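Q: Sequence first, then the predicted structure:
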Amino acid sequence: MRDLATALEVVGARWALLIVEKLLDGPQRYGDLQRELGAPTNILATRLRELEAAGVLRRLPLRHNTRAYALTDRGLALRDAIGALARWGAEGSGPVGQTPSRDLG
């Protein structure tokens with residue numbers, strides 16, 4: 001349980017895994033991330049700083065004082081976990097409070 005708590009300290013904050021999921025497609029500029037995610041700019045900036053400090057992503061310098069972000073190997077290692085969470089979410093995408101019925105027969 002301690003390992004899970006450690007992981008959640010890094011990627012458990014709102015927007016963190018969504019940022020990582022977008023960066024799995026390749027480096028993204030700040031403005032593109034903000035537009036695609038719809039995250040408030042102050043929260044996006046905070047999450048990017050936190051993920052960078054945790055070694056999940058790195059900042060890429062671009063021309064004209066702009067930035068892009070790319071995943072490190074540590075960030076890329078989250079691919080399977082994000083895929084599993086997405087599948088889990090799709091399985092339970094019915095109305096809130098209901099669990100999908102399964103034939104256990």
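A: That came through, no problem.
Q: Excluding chain neighbours, what is closest to the residue nearest the centre of the chain?
A: Residue closest to the average C-alpha location in the chain (C-alpha atoms, centre = their mean): Leu17, at 1.9 Å. What sits nearest to Leu17 in space, not counting adjacent residues and going by C-beta to C-beta, 6 or more residues apart in numbering, is Val11, at 5.3 Å. C-betas here are computed from N, CA, C, even on glycine.
Q: Spit out the contact partners of the one you found.
A: Listed by C-beta atoms under 8 Å, 6 or more residues apart in numbering, the contact set of Val11 reads 17, 20, 51, 56, 78.
Q: Can you report how many residues lie near Asp73?
A: 8 (other C-beta atoms under 10 Å).
Q: The strand or helix carrying the residue nearest to the centre of the chain packs against which elements?
A: Using DSSP states H and E, Leu17 falls within helix 16-23. Helix 16-23 sits against helix 2-11, helix 30-37, helix 41-53, strand 57-61, strand 67-71, helix 79-91, with contacts defined as 3 or more C-beta pairs under 8 Å, 6 or more residues apart in numbering; DSSP states H and E.
Q: Comparing the ones you listed, which comes out most buried?
A: Comparing the helices and strands packed on helix 16-23 by mean neighbour count (mean count of other C-beta atoms under 10 Å), strand 67-71 ranks first with a mean of 18.
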